[in-house]
Every structure is written in C-alpha cells, then in structure tokens.
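**Student:** after the sequence you'll find the predicted model.
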Amino acid sequence: MPITEPQDLLDRKFDVCFTHGDVDGNGVLEAADALALAARIVTYLGEPMGSPKAQKLFQAFEQFWTNVEAKMDVNNDGKVTPQEWRKGLRKAFAEDPEAYNAGFRPLAEATFTICDRDGDGFLEQSEFAKFHQAFGCKSANSQLAFQKLDSDGDGQLTVDELLIAWQEYYTSNDPDARGNWLYGDVWDNTVVVGSKTR
C-alpha cells in the first residue's frame, strides 16, 4: 500500500528519515537496514570496523532497532512499513520525552561521537559532511544544513547542539525549529539515497 502524502511537517520528516533508513530500497525497514546504515556511517567516516567507537555505534543501532521492532512492528513480521514507522515514531518518541531519551538519544550520541573524528566535542563542516554522505544527502543540502545549525556562525557544531537538533527533528512540528535542517533535504521533492532518488 503506498504511503499517503504527509499531513504535517513531522510526518514529512519521518518520511525523509524512512527513506534514508531503507538502505536496500525495498520499501520496509528491517534489522539489516539498521546494520547497513551503521556500516555506511563507519565506512564514510573512515573508522576501523573493530574500534570502540564503531562497536558503540553498532550496539546503538541494534538497541534502536530492538526498540523500533517492539514498538512499531504491529504484525511481528520483522519489518516496519512507512505507515508503522510514521505512527510509531510519533507515539513512541515524539509524544513521549522519556521514551525518546531511552530509545533514540543513545543512537544520536553514538552517531555524533563517531563523527567527531578528533574527539574535541565539535564537528567541523567536513565531519558533518561525512555524516550526511552516509545518509545519502546531497552536498548542497549538507552545506545548507550546517549553516542553518551553526547558529553562532563559528564554523563548528557542538555535539550538544546536534543532539538538540536531532531531538527537534524527530519531535517538533515547528517550521522554524533549527533541527528541521538536520539532514538538509526535508524540503526537497525527492530524497537521494546513494545513487537512488526517491
């Protein structure tokens, strides 16, 4: 069944996120997608697969998928459809701050820790761009996203700023929220994932 047009900004952001997460492009999210996305992040950032940062990221994605499957996979078939994802994200995370912090924040922390290549607590634009490449974001959108999120214009983003942006992306319907720019492509008519346009 095709997904209906988003009724609001939050649904649109959920749909963009679904497209990024559906690594194999088969129209559903599965455990293999979560692990493939984690592997892409590790690869694009040039992190050794066996490093502590990489292992923490894989563990965070596994934990996240366990939460997603438990809360969203209504028929227990090991797959999450776009409709289940949209409804589940809203109920499980957007409308429940405690569930967000337990189920989603560890993934954000592990993601931005691995992106912070020199461990200084900041992401330069080049580090942020690698994160975006793993998610299939276009270069122009990545640059725009960095500018929007870099509120003080100092040319770097703190990990804390990115954690706030991540939470706003998944929980806020405010069109002016800075977190809407996390991936830079929420306003696009199409979303590019690798070589595919959806």
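**Tutor:** Here it is on my side, so go on.
**Student:** got the domain ranges for this structure?
**Tutor:** Following automatic domain parsing, one gets these domains for the chain: 23-115, 122-198.
**Student:** avg pLDDT for the first one?
**Tutor:** Within the predicted structure, the mean pLDDT of domain 23-115 is 90.
**Student:** take the domains of the chain and lay them out in JSON lines including mean neighbour count and distance to Phe14.
**Tutor:** For the C-beta atoms, the positions are set from N, CA and C on the backbone; glycine is no exception. JSON lines is the format used below for the domains of the chain (neighbours: other CB atoms under 10 Å; distance: least, CB to CB, whole Å):
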{"stretch": "domain 23-115", "mean neighbour count": "17", "distance to Phe14": "5"}
{"stretch": "domain 122-198", "mean neighbour count": "17", "distance to Phe14": "8"}
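**Student:** can you put these in a markdown table and add distance to Cys17?
**Tutor:** Shown next, in a markdown table, are the domains of the chain (distance: least, CB to CB, whole Å):
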| stretch | distance to Cys17 |
| --- | --- |
| domain 23-115 | 8 |
| domain 122-198 | 8 |
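**Student:** so which of those comes closest to Lys13?
**Tutor:** Lys13 sits nearest to domain 122-198 of all the domains of the chain, at 5.5 Å, using CB to CB.
**Student:** what's the average pLDDT for the closest one?
**Tutor:** For domain 122-198, mean pLDDT rounds to 80.
**Student:** how about Leu157, secondary structure?
**Tutor:** At Leu157 the chain is in strand, as set by DSSP: H, G, I helix; E, B strand; the rest coil.
**Student:** these two touch, right, it and Gly121?
**Tutor:** No: Leu157 lies out of contact with Gly121 (CB atoms under 8 Å); the separation is 10.0 Å.
**Student:** any idea how far Trp65 is from Leu37?
**Tutor:** As judged by CB to CB, to the nearest Å, Trp65 and Leu37 stand 10 Å apart.
**Student:** what about the longest helix in this protein?
**Tutor:** The helix that spans the most residues within the chain, counting by DSSP state H, is helix 52-72.
**Student:** show me what that helix is packed against.
**Tutor:** Helices and strands touching helix 52-72, by 3 or more CB pairs under 8 Å, 6 or more residues apart in numbering; DSSP states H and E, are helix 31-44, helix 82-89, helix 97-103, helix 105-115.
**Student:** reformat these as CSV; add distance to Leu9.
**Tutor:** Output for these, formatted as CSV (distance: least, CB to CB, whole Å):
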stretch, distance to Leu9
helix 31-44, 23
helix 82-89, 12
helix 97-103, 17
helix 105-115, 20
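**Student:** for Glu95, phi and psi?
**Tutor:** Backbone torsions of Glu95, given as degrees, to the nearest 10, read phi -100, psi 10.
**Student:** ok, and what's touching the longest helix of the chain?
**Tutor:** Applying CB atoms under 8 Å, 6 or more residues apart in numbering, the external contacts of helix 52-72 come out as 29, 31, 34-35, 37-39, 41-42, 47-48, 78, 80, 84-85, 87-89, 91-92, 102-104, 106-107, 109-111, 113-114.
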